[in-house]
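Colleague: Using only what follows, build the 3D model:
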Amino acid sequence: MARREFEERNVLIRRGWRQLTTAGRVRVAGGRLTLLNSRGGEIDSAPLSRVRVAEPWYVPRGVVRAALGGTVYLLRLDPSRAGEVMDAAHRARGQGDGPTAPSRRGRGARVRSAPRAGRLAGSDAPDGSADAVGRFARRLSAVGRRCRRREPRPPGPAPRRGAGPAGGR
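Modeller: Here you go, the predicted structure:
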């Protein structure tokens, strides 16, 4: 059997509104993400190239959204372990850490790193992070100056209420 990069037990697995198992397992091994039920039977499996894993803002902490192929699952884990599922999937795909994954960035966004900064950029490398934030702020203000300001609407008669096809009755 291939070496397991990650395995988590006692995971609640849902597909849509349907709860599939309350004591399932999530396994990242051999280039695949596999969801197993409480008896070890496979619920679904997909190669990591077809898996998207994220922790959406609209769900409670510890809930991870995993799209395997075209099927979306919600996985409820211990909040301290939820990030580890995403990190394991991103590491196994060769993408590094989760926050820099392309699916987490907006269109046209670029990722810049602060030199010698770890996870806590403000405390690990305060000068590098301050420079990065300063560059961002200068660029943002330059973009704001280039944007045209919209002209306010000229004052005119306000639309009358009740004046419609029924004659205001």
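
Colleague: low-scoring stretches of the chain, by residue?
Modeller: Within the chain, the stretches with pLDDT under 70 are 1-4, 94-126, 128-129, 141-169.

Colleague: cutoff 90 now
Modeller: Of all residues in the chain, those with pLDDT under 90 make up the ranges 1-7, 16-17, 28-32, 48-62, 69-70, 78-169.

Colleague: measure residue 61 to residue 82 for me?
Modeller: As judged by Cβ to Cβ, to the nearest Å, residue 61 and residue 82 stand 7 Å apart. Glycine gets a C-beta too; all of them are placed from N, C-alpha and C.

Colleague: what's the answer for residue 8, then?
Modeller: Look at residue 8 and residue 82: by Cβ to Cβ, they are 9 Å apart.

Colleague: just to revisit the earlier point, so for residue 61 and residue 82, which sits in the more crowded spot?
Modeller: More crowded of residue 61 and residue 82, by other Cβ atoms under 10 Å: residue 82, with 20 against 12.

Colleague: Isn't residue 32 up against residue 49?
Modeller: No - look at residue 32 against residue 49 with Cβ atoms under 8 Å: they stay out of range, at 9.8 Å.

Colleague: So for those two, which sits in the more crowded spot?
Modeller: Using other Cβ under 10 Å as the criterion, residue 32 and residue 49 rank with residue 32 on top: 17 against 9.

Colleague: tell me the strands in the protein, going along the chain?
Modeller: With strands called from DSSP state E, the chain shows them at 4-15, 18-29, 32-36, 42-47, 51-54, 63-68, 71-76.

Colleague: who does the fourth one pair up with?
Modeller: Sheet pairing for strand 42-47, assigned by DSSP bridges, gives strand 32-36 (antiparallel).

Colleague: same deal with the first one?
Modeller: Strand 4-15 has the following sheet partners, assigned by DSSP bridges: strand 18-29 (antiparallel), strand 71-76 (antiparallel).

Colleague: what's the angle between it and strand 63-68?
Modeller: Counting by axes from the mean of the first three to the mean of the last three Cα atoms, to 10 degrees, strand 4-15 lies at 100 degrees to strand 63-68.

Colleague: Of all the residues in strand 4-15, which ones are buried?
Modeller: The neighbour-count check on strand 4-15 (16 or more other Cβ atoms under 10 Å) flags 5-6, 8, 11-14 as buried.

Colleague: repeat for the shortest one
Modeller: By neighbour count, and taking 16+ other Cβ under 10 Å as the criterion, the buried residues in strand 51-54 are 51, 53.
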